[in-house]
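> Got a predicted structure plus its sequence, pasted below:
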Amino acid sequence: MKKNLPIIVAGLLLLLAISAVIAVKFYPNILAVKPANNVINSTKNTSTGIILFYGNGCPHCAIVEKYLADNKIEDKVAIDKLEVFSNADNAALLGEKAQSCGLNTDNIGVPFVWDGSDGKCYVGDQEVDNFFQQKLNQSNNK
């Protein structure tokens with residue numbers, strides 16, 4: 001058996017190589033890196049808009065999402081949503097926005113809103129909900 005071991009290993013490696021070539025030939029995107037479905041990458045100009053930073057699985061973020069949905073806020077207020085738990089670029093932007101508000105970036109949490117119109121930050125579900133309620137009131141008064 002020990003004599004045949006190198007031949008068996010070589011045969012298995014050859015089989016693996018052939019399988020890989022076939023997989024790449026018939027499924028060319030098999031090695032392509034795709035973003036997770038839960039990551040929302042913004043294409044909007046976020047320099048003067050409202051950015052809602054959130055994290056998937058965050059219970060406080062779920063409270064804000066429910067508030068937005070129940071009150072149809074997104075129908076009346078333009079919001080750019082950025083997921084930060086699985087997107088390093090979004091997390092870095094969150095840090096930049098928090099720093100611009102003078103907040104300690106070592107332990108900043110979500111939900112977090114940055115209002116580009118006045119450069120203010122809002123942290124936590126209650127503050128964020130209150131912020132969106134004010135925006136909703138402003139949009140209704142127009």
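Here it is on my side, so go on. Residues are numbered from 1 along each chain as shown.
> Give me the domain ranges for this protein.
The chain resolves into domains spanning 1-34, 50-140 when parsed by automatic domain parsing.
> any idea which of those scores lowest on pLDDT?
Among these, domain 1-34 carries the lowest mean pLDDT, a mean of 64.
> buried set for the helix or strand encompassing Leu68?
Secondary structure assignment for Leu68, by DSSP states H and E: helix 59-70. Using 16 or more other Cβ atoms under 10 Å as the test for burial, helix 59-70 gives 60-61, 63-65, 67-68. C-betas here are computed from N, CA, C, even on glycine.
> now it, how far from the chain's geometric center?
With Cα atoms, centre = their mean, to the nearest Å as the basis, helix 59-70 stands 16 Å off its chain's centre.
> so what secondary structure elements neighbour it?
Counting by 3 or more Cβ pairs under 8 Å, 6 or more residues apart in numbering; DSSP states H and E, the packing neighbours recorded for helix 59-70 are strand 50-54, helix 125-140.
> Which among these is found nearest to Asp80?
Nearest to Asp80, of all the helices and strands packed on helix 59-70, is strand 50-54, at 4.8 Å by Cβ to Cβ.
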